[in-house]
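# Starting from these lines, generate the structure:
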Amino acid sequence: MHSPLITVYMPTHNRVNNLKRAVHSVQAQDHTNWQLIIVNDGSKDATADYLDSLVLTDERIIVFHHEIAQGACVARNKAIEAASGEFITGLDDDDAFTPNRLSYFLENWSNNYSALCTPVTVCKGQSKVAHHYFIGELTFNDILVVNKVGNQLFCKTADLKSINGFDPHFKARQDADTWVRFLKAHGKGNKLPKSTYLQYEEQSQLSITRSPSRLIGFRQFIEKHEALMSKRQRNAMACWESIIMGRWVPLFLLLKSDSDIYKYSLMHNIKKLLRR
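As a prediction, the model looks like this:
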């Protein structure tokens, strides 16, 4: 039986303890024909020593070191460029795979789709909640307003290389930009129903909702992809901007927007109302 090589790419920066959990989750995969390419993006903690010890014990792990941090997108692209697997997917250094993630993708691979993805399970302390949203076929048009893919796709390595990976100029929304370009270039993907990705969130991360980088990245995304959007989708993006900036989402604008924004806008306005 054909057992294709799968490349997993992972950027890391100053999170050695979380990184160990992420690496262990790849090593625990029931599909064992993988290569893990980790790019240490200028870490100043014990990351470099840990990674150098890994390559001595597991020949499937490849490590690159950036002396000076160049950003997660540059690090991802370095790993993607070096990938030799038939398939490829990513993992953030503070997240983890379930043991069947790679085999689940292979079992469900079909040339009818350019890529696969799954829901994430959000882990906060002892709580683990699977977010089973947007299951089924996805086109680039489906993800212009809401990133229904999430932060990782599983696809042919050659296809991801063909779109030049991630755009390092983006301050935020790098994932959404990449998936829009990928699905536009290679056709529809499929979101499978089972969650195989553990997304860990610290309480401190949850409160950061309106950083300058988030707004800059949002506007970069609009500038790059606005020509693909319908009028209702452009109105929805105006609603998103209100959410990011902490303003009320106007009802008249919401009624003229793509329905994908409804839930997020209403939840935002309700939260603002309760805080008054």
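# contacts, neighbours, all on C-alpha from now
Fine.
# now the nearest residue to R60 once chain neighbours are set aside: how far from T7?
Closest residue in space to R60, ignoring its immediate chain neighbours: Q35 at 4.7 Å, by Cα to Cα, 6 or more residues apart in numbering. Taking Cα to Cα, to the nearest Å as the criterion, Q35 is separated from T7 by 5 Å.
# who has more neighbours, these two?
T7 (27 against 22; other Cα atoms under 10 Å).
# so what's the more buried one up against?
When contacts are counted by Cα atoms under 8 Å, 6 or more residues apart in numbering, T7 touches W34, Q35, L36, I37, A83, S84, G85, E86, F87, I88, T89, T157.
# Can you say which of those are buried?
W34, Q35, L36, I37, A83, S84, G85, F87, I88, T89, T157 (16 or more other Cα atoms under 10 Å).
# So which of these are in helices?
Those of the buried ones among the contacts of T7 mapping onto helices are T157, per DSSP state H.
# just curious, which of the buried ones among the contacts of T7 is nearest to K128?
Checking the buried ones among the contacts of T7 against K128 by Cα to Cα gives T89 as the nearest, at 22.6 Å.
# what's the distance between that closest one and P250?
Where P250 is concerned, T89 sits at a distance of 39 Å (Cα to Cα).
# Now the residue sitting nearest the centre point of the chain: closest residue in space that isn't a chain neighbour?
Nearest to the geometric centre of the chain sits N151, at 1.2 Å (Cα atoms, centre = their mean). Distances taken as Cα to Cα, 6+ apart put D175 closest to N151, at 5.7 Å, once the chain neighbours are dropped.
# Now do the shared contacts for Q35 and T7.
Common neighbours of Q35 and T7 (criterion: Cα under 8 Å, 6+ apart): G85.
# Any idea how far stretch 145-165 is from the middle of the chain?
Chain-centre distance of stretch 145-165: 9 Å, with Cα atoms, centre = their mean, to the nearest Å.
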